[in-house]
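In: sequence-free structure coming up:
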Ligand SMILES: Nc1ncnc2c1ncn2[C@@H]1O[C@H](COP(=O)(O)OP(=O)(O)OP(=O)(O)O)[C@@H](O)[C@H]1O
Ligand SMILES: [Mg+2]
């Protein structure tokens, strides 16, 4: 649509700018709060311009012991925990669903559609619904307070399996036949042909799953009891509670800022592939 | 190089049989074309030879090996698909080299084979491109190149030219023919285009509804079609057919006109005569009320109906002819170019 209507253009710009302000303003406040010292942050009016304690706060947050008067892991460790959890969930989900979609699309085995529907039905059973039995299983396997306990129950994924199934169905049959004539066995076909062809879909899914993993709250809260297994999203909640006694907003806001960073990096870094993966249909 | 033998080959999907007792012995280095209308089972037959479809019963031999249960890769064949089936994420070079890499052929050897094939097909300049950066004709060549580098015993083609425009199709047709003669590899080529079939094949297998109607050289199919189906399928424009009664070597048309033939058959039959075998004869037995002319330059097609009746008929005259429509013209045809078929559609001699 190419239209030359100045009023319309102006209006749409105004609306977009308002939208940006609406989203960006809280983030700006977070950033500003992270650059002042704790005294300034409890005086009214709240600052709207950055102060000069950014690096000091960064250092205190990353390597300190958290809020004074509470016992918690340093934020760098929490970031590491979150990163490990998000990556394990993203890679684990992608690997498992690629393989199961491969099996369902390309192999004939008894009850194939039965298995497909069983996987599909798990869409209705996210962790929150099955949290008690899953906790029981994880606890009896001795996986509490470990990365495995954090990630394994979240890995099996119907959505991703379903998505890869659709992707594989768009790959022409001749591609498989041609590979068979070339002498490629099933795993070779998978790695040499299917994987590269689903490259952009994998990237798109990685972005979504990384953020999904990073934002997990309820499940980590349940399976981790030791402070050095805390994830950053959990810790923000804990800090908010602790803020009643010791309102160190500069530290809390710095933590929030740090928690936002990795998802942003992933989204921006994979933007091009992400968009291709969601829009490209041609194989 | 190898011969191919099909013995009593049957293919069924669930309860429906789509190929019925196909027999064929293809010579070493021969170019065999399988031709027939859509859905007659051409692709199925080809894919069974390739090993992409299972054999319900019967036997396929390549050389002296029975290949029924061999994987496609172990049959020493190469196949060119209608949509080319190139790997979109690989360069042209890698597309051609992929099968060789899997066979663990040394790198230098691969490079040499791919470059030789690229030279033959004149695609040397595109070796580093992706398939999507090529035109349809170039992709077609790459698909052929992928078959050539394998140096197989048998080439299989499934309508490889049907995605190309008419002019390119004629050009590629000649190239495939030349290439096959040069390499001397036994080839099976599937098409529904009878012109393609006639120009390419050493021998043609005409399939109809899963049955082999006739298997023979193009000239044989043209001159002595074994059934009404083959007679109508081969040749363009297609043969004219009339219901006749035959007695003592004379066929009587519904109009009462008589045409002589050398047959000893008597009873009801179908008479066929090709448009190009009809010549103007003022008191010939075939009187055409001219309805329309098609002036093609080299010849003129006269469309019309038999005088006073509704049977349609076409005659082909050499050169440019100017004939007024709605006039009535007489035609005759020599008795040796008259074909007779009995009530089951089988040729009568
Ligand atoms: N997987 C299948 N299951 C059931 N029937 C099939 C299957 N594949 C093909 N057929 C049937 O077998 C018959 C022959 O199919 P085939 O693809 O060999 O036709 P074709 O001669 O190649 O036609 P075309 O010129 O349209 O490609 C068709 O009637 C088709 O419906
Ligand atoms: Mg076909």
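Out: Everything's here; your move. None of these values were measured; they are calculated from a predicted model. Ligands and ions are numbered 1, 2, ... in the order given.

In: pLDDT of stretch B:193-207, averaged?
Out: Average pLDDT, stretch B:193-207: 93.

In: how about it, does it reach ligand 1?
Out: No. Stretch B:193-207 lies out of reach of ligand 1 by CB under 6 Å from any ligand atom, never closer than 6.9 Å. C-betas here are computed from N, CA, C, even on glycine.

In: any buried residues in that stretch, and which?
Out: B:193-194, B:196-198, B:200-207 (16 or more other CB atoms under 10 Å in any protein chain shown).

In: just the ones of those residues in helices?
Out: B:194, B:196-198, B:200 (DSSP state H).

In: nearest to residue A:59 among those residues?
Out: residue B:196 (77.7 Å; CB to CB).

In: how far out from the middle of the chain is stretch B:172-191?
Out: 13 Å (CA atoms, centre = their mean, to the nearest Å).

In: any buried residues in it, and which?
Out: Buried residues in stretch B:172-191 (16+ other CB under 10 Å): B:172-173, B:175-177, B:179-180, B:183, B:185-191.

In: can you give me every residue that contacts residue 109?
Out: Using chain A here. residue A:103 (CB atoms under 8 Å, 6 or more residues apart in numbering or on different chains).

In: wait, I meant chain B there
Out: By CB under 8 Å, 6+ apart, the neighbours of residue B:109 are residue B:100.

In: related to what we said a few turns ago, ok, so of the ones in helices among the buried residues of stretch B:193-207, who is nearest residue B:247?
Out: Using CB to CB, residue B:194 is the member of those that lies nearest residue B:247, at 33.7 Å.

In: could you measure from that closest one over to residue B:328?
Out: For residue B:194, the distance to residue B:328 equals 31 Å [CB to CB, to the nearest Å].

In: again with residue A:74
Out: Going from residue A:74 to residue B:328 by CB to CB gives 106 Å.

In: do the same with residue A:167
Out: For residue A:167, the distance to residue B:328 - CB to CB - is 66 Å.

In: so which strand or helix has the closest residue to residue B:208 other than its chain neighbours?
Out: Closest residue to residue B:208 apart from its sequence neighbours, by CB to CB, 6 or more residues apart in numbering or on different chains: residue B:229 at 5.0 Å. When elements are assigned from DSSP states H and E, residue B:229 belongs to helix B:228-233.

In: can you name the element that comes right after that helix?
Out: strand B:240-247.

In: by contact count, what packs against that following strand?
Out: If you count contacts as 3 or more CB pairs under 8 Å, 6 or more residues apart in numbering or on different chains; DSSP states H and E, strand B:240-247 packs onto helix B:228-233, strand B:250-252, strand B:267-273, strand B:312-318.

In: most packed of the ones you listed?
Out: Among those, helix B:228-233 has the highest mean neighbour count (mean count of other CB atoms under 10 Å in any protein chain shown), at a mean of 22.

In: flag every residue of the stretch 51-200 of chain B that's near ligand 1.
Out: Going by CB under 6 Å from any ligand atom, the residues of the stretch 51-200 of chain B near ligand 1 are residue B:192.

In: go again with 8 Å.
Out: B:53, B:82, B:158-159, B:190, B:192 (CB under 8 Å from any ligand atom).

In: pick out whichever of residue A:167 and residue B:328 has more residues nearby.
Out: residue A:167 (22 against 12; other CB atoms under 10 Å in any protein chain shown).

In: gap between that one and residue A:91?
Out: 18 Å.

In: report how many residues lie close to residue A:28.
Out: Neighbours around residue A:28, by other CB under 10 Å: 13.

In: cool, residue A:187 as well?
Out: So residue A:187, with other CB under 10 Å, has 9 neighbours.

In: measure it to chain B for me?
Out: 12 Å (CB to the nearest CB, to the nearest Å).

In: assign that residue to helix, strand or coil.
Out: helix (DSSP: H, G, I helix; E, B strand; the rest coil).

In: phi and psi next, for the closest residue to chain B within the stretch 1-150 of chain A.
Out: Proximity to chain B, evaluated over the stretch 1-150 of chain A using CB to the nearest CB, is greatest for residue A:108 at 11.8 Å. Main-chain dihedrals, residue A:108, degrees, to the nearest 10: phi -100, psi 120.

In: quick check: it vs residue B:54, distance?
Out: For residue A:108 relative to residue B:54 (CB to CB), the value is 12 Å.

In: looking at the two, which one has more neighbours?
Out: Between residue A:108 and residue B:54, residue B:54 has the larger neighbour count (other CB under 10 Å), namely 10 against 5.

In: neighbours around the closest residue to ligand 1 within chain A, how many?
Out: With CB to the nearest ligand atom, the shortest gap between chain A and ligand 1 falls at residue A:173, namely 10.2 Å. Residue A:173 has 11 neighbours, counted by other CB under 10 Å.

In: so residue B:325 touches residue B:293, yeah?
Out: Yes. At 6.9 Å, residue B:325 and residue B:293 qualify as touching, with contact defined as CB atoms under 8 Å.

In: of those two, which one has the most company?
Out: Neighbour comparison, residue B:325 and residue B:293: the larger count goes to residue B:293, with 18 against 12 (by other CB under 10 Å).

In: in a strand, that's where that one is, yeah?
Out: Yes. Residue B:293 forms part of a strand when assessed by three-state DSSP.

In: so residue 259 is in which element?
Out: No chain in the question, so chain A it is. Going by DSSP H and E, residue A:259 is in helix A:249-269.

In: not quite, I wanted chain B
Out: With DSSP H and E as the test, residue B:259 turns up in strand B:258-260.

In: which residues touch residue 181?
Out: Went with chain A since none was named. Counting by CB under 8 Å, 6+ apart, residue A:181 has contacts B:50-52, B:72-73, B:77-79, B:99.

In: switch to chain B, that's the one I care about
Out: So residue B:181 contacts residue B:31 (CB under 8 Å, 6+ apart).

In: how about it, secondary structure?
Out: Quick answer, by three-state DSSP: residue B:181 is helix.

In: quick check: it vs chain A, distance?
Out: From residue B:181 to chain A the distance is 23 Å (CB to the nearest CB).

In: so which residues on the stretch 201-349 of chain B come close to ligand 1?
Out: Residues of the stretch 201-349 of chain B lying near ligand 1 (CB under 8 Å from any ligand atom): B:207, B:210.

In: sketch out the low-pLDDT regions of the stretch 1-150 of chain B for me.
Out: B:1 (pLDDT under 70).

In: same question, the stretch 101-250 of chain A
Out: For the stretch 101-250 of chain A (pLDDT under 70), the answer is A:243, A:246.

In: compare the contacts of residue A:181 and tell me which is most surrounded.
Out: Top of the contacts of residue A:181 by neighbour number is residue B:79, holding 30 neighbours under the definition other CB under 10 Å.

In: for the contacts of residue A:181, work out which two are farthest apart.
Out: Farthest pair in these, by CB to CB: B:52 and B:99, 15.3 Å.

In: now the most centrally placed residue in chain B: closest residue in space, sequence neighbours ignored.
Out: Geometric centre of chain B, nearest residue: residue B:197, 3.0 Å, by CA atoms, centre = their mean. Leaving aside its sequence neighbours, residue B:197 sits nearest to residue B:35 (CB to CB, 6+ apart; 4.0 Å).
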